[in-house]
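Engineer: with the input below, show me the fold.
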Amino acid sequence: MKPSRIKHILERLIDQRWPAFIWGPPGVGKSALVKEIATEKGLELIDIRSSLLDPTDLRGIPAVIDNKAVWCPPSFLPSDTKSSGILFLDEINAAPPLVQASLYQLVLDRRIGEYVLPNNWWIVAAGNRSSDQSVVFRLASALANRFMHIDFEVSLDDWKSWAFGRKIHPTIVGFLSLRPELLLEKPGESPAYATPRTWEIASDVIHRFGTVKDSIDLLMGTIGEGPASELHAYEQTMIRADVFEKIVDSPERSELPKELSEVYALTAWLAYRANEERIRNAAAALLERLQPEFSVIVARDMIKGSMSFLKEPGYKRFIENHGDLFV
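Structural biologist: Here you go, the predicted model:
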């Protein structure tokens, strides 16, 4: 499932008791998605790295009270019966079998030993698949049968919606629009390879150094040599920012890009600054001048950058004339 669909599903299920398990490769945003839902819903989030647990960490340790042995639950589990939140069991299948066994009762019965999970807490788990070349243990069938299982599918459209909000460098957004297959690569012999997580790191690197050229050696150690080299080549052929400014200053008369790579570069630059009114006005004016299929790309990414673009008169006119292209 695409991240947007997973988010919709989790938000609909959040007030029921059955736990969910999100499967996907490392670095695609499984943990970030759960944190985003908790933040937007105003819920407390307890993130437990299952791979770091010992079997006794969940059950707690015994104490003698009134000549009876009583299990003292760990402090990281929620105890306030009036609280509400998400108990996130990350890397659950990276935990050894004994730890997984200690999770059985917590996941199914919402209790472990004498501890009871408060009613308004929901359990969500996440883990990598063995095919992702991650260190994982086989998820015990008894534990697996306690979850609703969801496969995380990387989506460039969903990623771009997130990327514009996070101010991912427009050079990266434009490049990945042209080369979407590089958003997520399978790990190889090199420890550096492209994932949504490493592209975010690469964006921070470029923001700090200014250009891909000035940070190419570090980028090779972040997203891998192949993607970094292609990104460098893309930057060298990309339209300069001063050309973008001239287009914005005179959207009705300026010379427009004709190559797809140039359109993606312009679109990423515009959407990156979509919160500026002058940028939205210029982008709306460009819709009638670009080829319709290119205008659709601009319109969609501008909406991802700022929903205010929907109010632009130029966008409304374009929809009236070419709304069928959005189907």
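
Engineer: quick check: bridge partners of the closest residue to Ala38 other than its chain neighbours?
Structural biologist: Counting by C-beta to C-beta, 6 or more residues apart in numbering, Leu45 is the residue found nearest to Ala38 once chain neighbours are left out, at 3.9 Å. All C-beta spots, glycine's among them, are computed from the backbone N, C-alpha and C. Beta bridges link Leu45 to Ile86 when assigned by DSSP bridges.

Engineer: number of residues surrounding Leu45?
Structural biologist: Burial measure for Leu45: 17 neighbouring residues, criterion other C-beta atoms under 10 Å.

Engineer: what does Pro73 give?
Structural biologist: 17.

Engineer: now the strands: where do they sit in the stretch 201-327 of the chain?
Structural biologist: Per DSSP state E, counting those that start in this stretch, the stretch 201-327 of the chain carries no strands over any range.

Engineer: could you do the stretch 1-150 of the chain as well?
Structural biologist: All strands of the stretch 1-150 of the chain, identified by DSSP E, counting those that start in this stretch, fall at 20-23, 44-49, 61-65, 68-72, 85-90, 111-112, 115-116, 121-127, 148-151.

Engineer: redo the ones you listed as JSON lines? Include mean pLDDT and distance to Met1.
Structural biologist: Below are these laid out as JSON lines (pLDDT from 0 to 100; distance: least, C-beta to C-beta, whole Å):
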{"stretch": "strand 20-23", "mean pLDDT": "94", "distance to Met1": "9"}
{"stretch": "strand 44-49", "mean pLDDT": "93", "distance to Met1": "21"}
{"stretch": "strand 61-65", "mean pLDDT": "70", "distance to Met1": "40"}
{"stretch": "strand 68-72", "mean pLDDT": "72", "distance to Met1": "38"}
{"stretch": "strand 85-90", "mean pLDDT": "94", "distance to Met1": "18"}
{"stretch": "strand 111-112", "mean pLDDT": "84", "distance to Met1": "30"}
{"stretch": "strand 115-116", "mean pLDDT": "87", "distance to Met1": "32"}
{"stretch": "strand 121-127", "mean pLDDT": "94", "distance to Met1": "13"}
{"stretch": "strand 148-151", "mean pLDDT": "95", "distance to Met1": "6"}
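
Engineer: most tightly surrounded among those?
Structural biologist: strand 121-127 (a mean of 23; mean count of other C-beta atoms under 10 Å).

Engineer: that one pairs with which strands?
Structural biologist: Using DSSP bridges, the strands paired with strand 121-127 are strand 20-23 (parallel), strand 85-90 (parallel).

Engineer: then the shortest one to PDB, C-alphas only?
Structural biologist: The reference is to strand 20-23. C-alpha atoms of strand 20-23 as PDB (Å, rounded to 0.1, in the frame of the first residue of the first chain):
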ATOM      1  CA  ALA A  20      -1.400  -3.500  13.000                       C
ATOM      2  CA  PHE A  21       2.000  -4.600  11.600                       C
ATOM      3  CA  ILE A  22       3.700  -2.400   8.900                       C
ATOM      4  CA  TRP A  23       6.200  -4.300   6.700                       C
END
